[in-house]
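**Student:** Here you go, sequence then predicted model.
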Amino acid sequence: MEQIRKTISTDHRMAKSTAWAITFADLTTLLLCFFVLLLVILNDAEKHIDRIINRLLNETYIELKENISSSYVQVDRVTKGIKITMRGKLFRSLSAEIDKSVYPILIQIGGIIRTSKLVNVFDDEKYSMFLDQIDQQDQLLNVEVRCEGHTDDKPVPPEAEFPSNWELSAARSLNIVRLLSQYAEMDEGLFSAMGYGEFRPIVDIREIRNRAILENSRATNRRVEIYLDAFIKQKINAENI
């Protein structure tokens, strides 16, 4: 009988000593479930924001695609937003001055961008909850019009206005941005200009020997690309700097 009491007492002490471990395991499981659920909710929120941004970009792409009719302008929906590629005689040789014949199409592009749903999302009551959701996460929606200039591979002569194709492409891009900003009547802070010179060609001409094909390929590489994009970025508060 005494042995039975000792066994029961020992079992009781062991049960009491391991009770905390069971409670701790339950608590850990609950915390794990909570964080998994939180992660799922945050991922769903991010996907919802991405869907709305893509919808706005798609609608603006359709507007541009349907309303711009020019043999030297191509509109594509790409991962970086909407790409408007302009080719042809946009500039005089070795000059950043825009040919006057290009002005009407730039006016048209600027007008469509100005009235697009993407640019006017901040004034559209339909998207107020969407913008509030972004704001609550201490983020903001950034809309950007970025212009990238590209030249062919021909070296710039020493007497030219610009010392290299880099400077030439950057100056051309900047002049396009200035006109677009003027015609779109939008804040200049939404625009940016970049120049890549001959270093991002569409056609690799290094192995081309046929003269006609070579010149056609160079004409393809000479272009200006205008990107219209939107993305979420974190707010930067003065106290966090």
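**Tutor:** Done, it's in. Numbers count the residues shown, from 1 in each chain.
**Student:** so where's the chain shaky on pLDDT?
**Tutor:** Along the chain, the parts satisfying pLDDT under 70 run over 1-27, 30, 33-46, 238-241.
**Student:** Which element is encountered next along the chain beyond the host helix or strand of residue 133?
**Tutor:** Assessed by DSSP states H and E, residue 133 sits inside helix 128-136. Where DSSP H and E defines the elements, the next helix or strand beyond helix 128-136 is strand 139-150.
**Student:** now the angle between strand 139-150 and the helix or strand following that following strand, please.
**Tutor:** Helices and strands here follow DSSP H and E; after strand 139-150, the next one along the chain is helix 165-184. Relative orientation of helix 165-184 versus strand 139-150 (axes from the mean of the first three to the mean of the last three C-alpha atoms, to 10 degrees): 130 degrees.
**Student:** what packs against helix 165-184?
**Tutor:** Secondary-structure packing of helix 165-184 (3 or more C-beta pairs under 8 Å, 6 or more residues apart in numbering; DSSP states H and E): helix 103-115, strand 139-150, strand 191-195, strand 223-234. Using the backbone N, CA and C atoms, a C-beta is placed for each residue, glycine as well.
**Student:** quick one: which of those is nearest residue 50?
**Tutor:** strand 223-234 (8.5 Å; C-beta to C-beta).
**Student:** any idea how far the closest one is from the chain center?
**Tutor:** 5 Å (C-alpha atoms, centre = their mean, to the nearest Å).
**Student:** go on, stretch 54-72?
**Tutor:** Centroid separation between stretch 54-72 and its chain, computed with C-alpha atoms, centre = their mean, is 16 Å.
**Student:** List the buried residues in it.
**Tutor:** The neighbour-count criterion (16 or more other C-beta atoms under 10 Å) identifies 56-57, 60-61, 63-64 as the buried residues of stretch 54-72.
**Student:** do the same with stretch 102-113
**Tutor:** 102, 105-106, 108-110, 112-113.
**Student:** same question, stretch 205-214
**Tutor:** residue 205.
**Student:** Now the terminal residues of it, how far apart.
**Tutor:** One end of stretch 205-214 to the other measures 7 Å (C-alpha to C-alpha, to the nearest Å).
**Student:** now what about that stretch, what contacts it?
**Tutor:** 153, 217-218, 221 (C-beta atoms under 8 Å, 6 or more residues apart in numbering).
**Student:** now that stretch, how far from the centre of its chain.
**Tutor:** Relative to its chain's centre, stretch 205-214 lies at 34 Å (C-alpha atoms, centre = their mean).
**Student:** Check stretch 129-146 too.
**Tutor:** 13 Å.
**Student:** end to end, how far does it reach?
**Tutor:** Stretch 129-146 stretches 27 Å from its first residue to its last (C-alpha to C-alpha).
**Student:** quick revisit: in helices only, show me the contacts of stretch 205-214.
**Tutor:** Residues of these located in helices (DSSP state H): 217-218, 221.
**Student:** Format these as JSON lines; extra columns: distance to residue 195.
**Tutor:** Formatted as JSON lines, those follow (distance: C-beta to C-beta, whole Å):
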{"residue": "217", "distance to residue 195": "20"}
{"residue": "218", "distance to residue 195": "17"}
{"residue": "221", "distance to residue 195": "14"}
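**Student:** Just the buried residues out of the residues you listed, in PyMOL syntax.
**Tutor:** Buried subset of the ones in helices among the contacts of stretch 205-214, written as a PyMOL selection, criterion 16+ other C-beta under 10 Å:
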select buried, resi 217+218+221
